[in-house]
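Chemist: can't give you the sequence, but here's the structure:
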């Protein structure tokens with residue numbers, strides 16, 4: 001296992017950021033399973049670093065077959081409502097613990113949106129859940145988490 005400081009340095013080097021200035025942590029909340037581990041990790045991360053915590057959810061864009069029947073405003077509202085429903089249970093415990101966090105619902109391809117968000121918000125750390133122990137998980141084909149790690153070309157401390 002890599003030293004946390006080294007992992008952070010490698011991560012910030014990939015994004016061209018200064019680790020001392022990048023006091024933001026991105027926590028992608030992909031589905032309801034993340035509500036099981038993420039709240040405690042958010043609280044721990046804040047107490048450890050007092051960093052700005054971003055909870056992010058990415059909603060897939062609708063195909064043109066569906067979107068042509070609804071206005072762009074209606075589709076955006078639907079995405080926001082669904083994203084907020086996923087983020088709400090994760091934010092409750094940090095709220096009770098007095099831990100500030102910023103919730104964002106993004107629309108598009110999960111991997112691309114997560115990477116763009118990390119770069120745009122200068123996140124020096126990314127918290128992802130553990131990979132499944134299945135064959136697909138070991139091959140790196142099972143999840144957006146694996147794809148994100150690969151896209152950023154670094155190794156993260158998994159799940160904490």
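Modeler: Alright, I've got the coordinates. Note that this is a predicted model, so its numbers are computed, not measured.
Chemist: hey, which helix is longest across this structure?
Modeler: helix 72-96 (DSSP state H).
Chemist: Would you give the sheet partners of the following helix or strand past it, along with the direction of each?
Modeler: Following helix 72-96 in sequence order, the next helix or strand is strand 102-107 (DSSP states H and E). Taking DSSP bridges as the criterion, strand 102-107 forms sheet pairs with strand 52-59 (parallel).
Chemist: State the mean pLDDT of the helix or strand following the strand it pairs with.
Modeler: Using DSSP H and E, the next helix or strand after strand 52-59 towards the C-terminus is helix 64-67. Mean pLDDT, computed over helix 64-67, is 81.
Chemist: hmm, which helix or strand of this structure has the shakiest average pLDDT?
Modeler: helix 4-15 (a mean of 35; mean pLDDT, DSSP states H and E).
Chemist: Would you mind pulling the contact partners of the helix or strand following it?
Modeler: As assigned by DSSP H and E, the chain's next helix or strand after helix 4-15 is strand 24-28. Contacts with strand 24-28, where a contact means CB atoms under 8 Å, 6 or more residues apart in numbering, come from 34, 38, 41-42, 45, 49, 51-58, 90, 110, 114, 117-118, 121-128, 144-145, 148. Heads up, the C-betas are built off the backbone N, CA and C, glycines and all.
Chemist: Below-threshold pLDDT in the protein: ranges please.
Modeler: Residue ranges of the chain with pLDDT under 70: 1-22, 130-160.
Chemist: Try it again at 80.
Modeler: Under the criterion pLDDT under 80, the flagged ranges of the chain are 1-22, 129-160.
Chemist: Pull out the buried positions in stretch 33-40.
Modeler: 34-35, 38-39 (16 or more other CB atoms under 10 Å).
Chemist: Would you reformat those residues as JSON lines and include distance to residue 63 and secondary structure?
Modeler: Compiled in JSON lines, the buried residues of stretch 33-40 are given as follows (distance: CB to CB, whole Å; DSSP: H, G, I helix; E, B strand; the rest coil):
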{"residue": "34", "distance to residue 63": "25", "secondary structure": "helix"}
{"residue": "35", "distance to residue 63": "28", "secondary structure": "helix"}
{"residue": "38", "distance to residue 63": "29", "secondary structure": "helix"}
{"residue": "39", "distance to residue 63": "33", "secondary structure": "helix"}
